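>>> Predicted coordinates and the sequence they were generated for:
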Amino acid sequence: MSDARTMTVCLPTTVVTHQIPTAVSALLAAHGITDAGLAGHFRTKTRRLPARLLRCDVTNLLQPVHGAAAGGPVRLLDLHAMREDWAERYWNRWHLWQQIVAGSPEPRPWWHFYDRHAADPDKYSWDAARHAFASQPRVARMLTYNAHPGRVTELPTGHLEAFDAGAHAYRAYGWLQAVPADGMLTVDGRILQPLSARYADQLDYLRPANAHLDALADADVLVAVAIK
């Protein structure tokens, strides 16, 4: 599994208790995952609500911190706005990236160099792999842009394959990434995570994760947690 930082936990309304963080920790522990507490991740359709209007711990989950809530019932989370916001950000990022790398030769993604290192670390060191990857003109331009304190946004070098897929595909990639985060625990207790950071593996995760989200009932609860 990948080194996920935030996981979306899906809870059916029938198991929502007065101790949601404790329940979530127990569910993740059953899969050998240790959480580090709630994480601000979701946009809500409402402002702070009085406790009498909500069940159990959901009130606390819905209180946004710096504009992001840790979760709540699906009906009170603005998943559509999250997806559209990420799609727009990715669309704008792609056009910036296109300006930065224009005219540079298509590079090899990081995994090409990593796989070579993993196959024979004695002959091809980690430092050699990193240097070879970063020395590619397109990657070098991205790293140079990322180093500038006045940059508009980060241009992730791990997104090379997604960038190369084109503006519309990259926009869709942002839409798909917005809600699931880095991993998901489904209502029926399955762990969904990408096998690696490779574009194909990310898509293999994001497709079923978003399908699961869209199948949830309005009363089901989403909770975002940081995991170790």
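Ah, there it is. Numbers count the residues shown, from 1 in each chain.
>>> The residue nearest to the spatial centre of the chain: what's it in contact with?
A centroid search over the chain (Cα atoms, centre = their mean) returns residue 181, at 3.2 Å, as the residue closest to the centre. Shown in contact with residue 181 (Cβ atoms under 8 Å, 6 or more residues apart in numbering): 4-8, 41, 224. C-beta coordinates here come from the backbone N, C-alpha and C atoms, glycine included.
>>> Go ahead and build a PyMOL selection from the buried members of the residues you listed.
Paste this into PyMOL to select the buried members of the contacts of residue 181, with burial taken from 16 or more other Cβ atoms under 10 Å:
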select buried, resi 4+6+7+8+41+224
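>>> okay, the contacts of residue 181 in CSV with distance to residue 160, pLDDT and secondary structure next?
Formatted as CSV, the contacts of residue 181 follow (distance: Cβ to Cβ, whole Å; pLDDT from 0 to 100; DSSP: H, G, I helix; E, B strand; the rest coil):
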residue, distance to residue 160, pLDDT, secondary structure
4, 21, 49, coil
5, 21, 85, coil
6, 23, 92, strand
7, 25, 93, strand
8, 26, 95, strand
41, 26, 91, coil
224, 27, 92, strand
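>>> what is the mean pLDDT for the helix ranked longest in the chain?
For the chain, the helix with the greatest residue count under DSSP state H is helix 79-101. Mean pLDDT, computed over helix 79-101, is 97.
>>> Pull out the buried residues from it.
Residues 79, 82-83, 86-87, 90-91, 93-94, 97, 101 are the ones in helix 79-101 that count as buried (16+ other Cβ under 10 Å).
>>> Then stretch 119-137?
Neighbour-count burial for stretch 119-137 [16+ other Cβ under 10 Å]: 124, 129, 132-133, 136.
>>> Please apply the same query to stretch 160-178.
Here stretch 160-178 shows 160-165, 167, 169-178 as buried, counting by 16+ other Cβ under 10 Å.
>>> next one: that stretch to chain centre, how far?
13 Å (Cα atoms, centre = their mean, to the nearest Å).
>>> Give the helix, strand or coil label for the closest residue to residue 68 other than its chain neighbours.
Nearest residue to residue 68, sequence neighbours excluded (Cβ to Cβ, 6 or more residues apart in numbering): residue 40, at 3.4 Å. For residue 40, the assignment made with DSSP: H, G, I helix; E, B strand; the rest coil gives coil.
>>> Check residue 142 too.
When classified by three-state DSSP, residue 142 comes out as helix.
>>> pLDDT wise, what is it at?
Predicted confidence (pLDDT) for residue 142: 98.
>>> Can you give me the neighbour number for it?
Residues lying near residue 142 (other Cβ atoms under 10 Å) number 24.
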